[in-house]
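>>> have a look; sequence and predicted model below, questions after that.
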Amino acid sequence: MQKTAMTTMQLVQQKLAAFERLQAEFEASFQFVQDVHGQKRLTIFPVTDVVRYLHARWVCEVKSRLLSVAPSVKEYEGRLCLELLLHWQEGDTTSAVDFLYRRLDMLPVTNITRQLQVIRQQEQVEEDGLAQRLLNGHLVLLNRGMHLMMALDAIFTLADDVLIEEVRKSCANYGHRPEQIGQQVQELDSPLYAYVPHQVLAQRNMQVMNGLGVNVTQRAGDHPGQRSWRVVAPVTPMSPYAEHVVEGYQELVSPSHNNIRQNRFVDRPEISERE
């Protein structure tokens, strides 16, 4: 048991050391992925940035594996991105375009528009901040759609041989030559990238993501108190949970229930403050 625990701790230390070397690149990659996904309007999206987008998703995948983030949290599809870069250098542009469409295609905005119209008609704009959140959602979806169109425009306007050469140069700049990709795919199956839940890794992940979260939520509509009613500023002091009356509450003693001595008294029902 002691030997197993020591081996696990050694692996954790190796994961932390590997992440320290990756941290700066991860932070830049994470921010770039967020921008591409609509948090920021990019002015251009050339082929080299499409390669960078696939590279950045792989970097985020490596970070998640090093810090053993639960696979159900978010899927960056890093292995797939490596395969796309490899196939793209071999001439397969269709797979890369299909991936861009799947990740960046504009989601239906009809529901958001309808909700925003209802709120404006009810004049609730200043009550819960939901209108501002819906406006932000419109902007994010519009940015994503713009990025997709710019990326496709950059890809489709180049001749096939020129495009593949541009992809190869960009892949070389980001360390994804075909022989490097083969090694990177194999490394994903090594013990260093295995899922090893550990408190130290979880704490390190929370520290990093908390810092990045501040940068991602810089817009006023994302601040607590300015968002929808689901995320509002806390009201203090909060009442203890023990004072909340659970629905379906029934008095243990009442004039007509469990009253062994048949005492005559008035039982005033308790009312929750939240009702």
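Sure, I can see it.

>>> CA atoms for contacts and neighbours, from now on please.
Noted.

>>> what's the per-residue pLDDT of the residue nearest the centre of the chain here?
In the chain, the C-alpha closest to the average C-alpha coordinate belongs to Lys74, at a distance of 6.1 Å (Cα atoms, centre = their mean). At Lys74, the model reports a pLDDT of 72.

>>> what's the answer for Ala18, then?
At Ala18, the pLDDT recorded in the model is 96.

>>> OK, contacts around Asp161?
By Cα atoms under 8 Å, 6 or more residues apart in numbering, the contact set of Asp161 is empty.

>>> what about it, helix or strand, and which?
For Asp161, the host element (DSSP states H and E) is helix 160-173.

>>> just the mean pLDDT for that helix, thanks.
Rounded mean pLDDT across helix 160-173 is 97.

>>> same for the longest helix seen in the chain, what does it pack against?
Secondary structure of the chain per DSSP state H: the longest helix is helix 2-34. Applying 3 or more Cα pairs under 8 Å, 6 or more residues apart in numbering; DSSP states H and E, we find helix 2-34 packed against helix 47-66, helix 199-216.

>>> may I have the first one as PDB, with CA atoms only?
Read it as helix 47-66. Extracted in PDB, the C-alpha atoms of helix 47-66 (Å, rounded to 0.1, in the frame of the first residue of the first chain):
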ATOM      1  CA  VAL A  47      -5.400  29.600 -42.300                       C
ATOM      2  CA  THR A  48      -2.500  29.900 -39.800                       C
ATOM      3  CA  ASP A  49      -5.100  30.800 -37.100                       C
ATOM      4  CA  VAL A  50      -7.200  27.800 -38.100                       C
ATOM      5  CA  VAL A  51      -4.100  25.700 -37.400                       C
ATOM      6  CA  ARG A  52      -3.600  27.600 -34.200                       C
ATOM      7  CA  TYR A  53      -7.200  26.900 -33.200                       C
ATOM      8  CA  LEU A  54      -6.700  23.100 -33.600                       C
ATOM      9  CA  HIS A  55      -3.300  23.400 -31.800                       C
ATOM     10  CA  ALA A  56      -4.900  25.300 -28.900                       C
ATOM     11  CA  ARG A  57      -7.600  22.700 -28.400                       C
ATOM     12  CA  TRP A  58      -4.900  20.000 -28.200                       C
ATOM     13  CA  VAL A  59      -3.000  22.100 -25.600                       C
ATOM     14  CA  CYS A  60      -6.200  22.500 -23.600                       C
ATOM     15  CA  GLU A  61      -6.700  18.700 -23.800                       C
ATOM     16  CA  VAL A  62      -3.100  18.100 -22.600                       C
ATOM     17  CA  LYS A  63      -3.700  20.400 -19.600                       C
ATOM     18  CA  SER A  64      -6.900  18.600 -18.700                       C
ATOM     19  CA  ARG A  65      -5.000  15.300 -18.800                       C
ATOM     20  CA  LEU A  66      -2.000  16.500 -16.800                       C
END
